[in-house]
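# can't give you the sequence, but here's the structure:
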C-alpha cells in the first residue's frame with residue numbers, strides 16, 4: 001500500500017482514467033488541464049458514479065428481463081399442459097365415437113346378414129304348398 005491507502009494495482013486504472021479524462025477534455029474543449037487540477041477529481045468521480053449507475057441499471061434491467069422471461073416460461077408451460085389435456089380429451093372423444101361407429105357398423109352388417117323372418121316364412125310356406133301339390137298330384141296319378 002502507498003501512503004494514500006491505494007494499492008499499486010488500483011493506481012494503474014486510476015491513472016489510465018485520469019489520462020482518458022485529460023484527453024477527452026482536450027479533444028472536446030481544446031484546453032489542457034493538469035493531473036492536479038481539482039476538476040480532474042470531480043470528472044473522475046462523475047465517471048466512476050456513471051459506471052456504477054450503468055452497472056446497477058444493467059443489473060436491474062437483466063433482473064427484470066429474466067423475471068419476465070421466467071413468467072413467460074411459466075405461462076408457456078401452463079398453456080402446454082392445457083393443450084395436452086385438450087389433446088387427450090379430443091383423442092378420448094374420437095376413440096369413443098370410433099368405437100360407437102364400429103359397433104353400429106357391425107350391428108348393421110349383422111342385420112343385413114340375418115335371414116329376414118318374413119322371407120323365410122314365405123319360403124317355408126311355398127315349400128309346404130308345393131309339397132302338398134306334389135302329394136295331390138301323386139295321389140291322382142296313383
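Looks like it arrived, so ask away. All of these numbers come straight from a predicted model, not from anything done at the bench. Numbering: from 1, shown residues only.

# In contact with the residue nearest the centre of the chain, which residues?
Closest residue to the average C-alpha location of the chain: residue 76 at 4.8 Å, with Cα atoms, centre = their mean. With contacts defined as Cβ atoms under 8 Å, 6 or more residues apart in numbering, residue 76 has no neighbours. All C-beta spots, glycine's among them, are computed from the backbone N, C-alpha and C.

# Where does it fall, secondary structure wise?
Using DSSP states H and E, the element containing residue 76 is helix 38-113.

# Give the rounded mean pLDDT of that helix.
Average pLDDT, helix 38-113: 91.

# Check the offset of that helix from the chain's centre.
5 Å (Cα atoms, centre = their mean, to the nearest Å).

# immediately after that helix, which helix or strand?
helix 117-141.

# List the buried residues of that following helix.
Burial within helix 117-141, assessed by neighbour count using 16 or more other Cβ atoms under 10 Å, is assigned to no residue.

# for that helix, what is the average pLDDT?
Per-residue scores along helix 117-141 average to 85.
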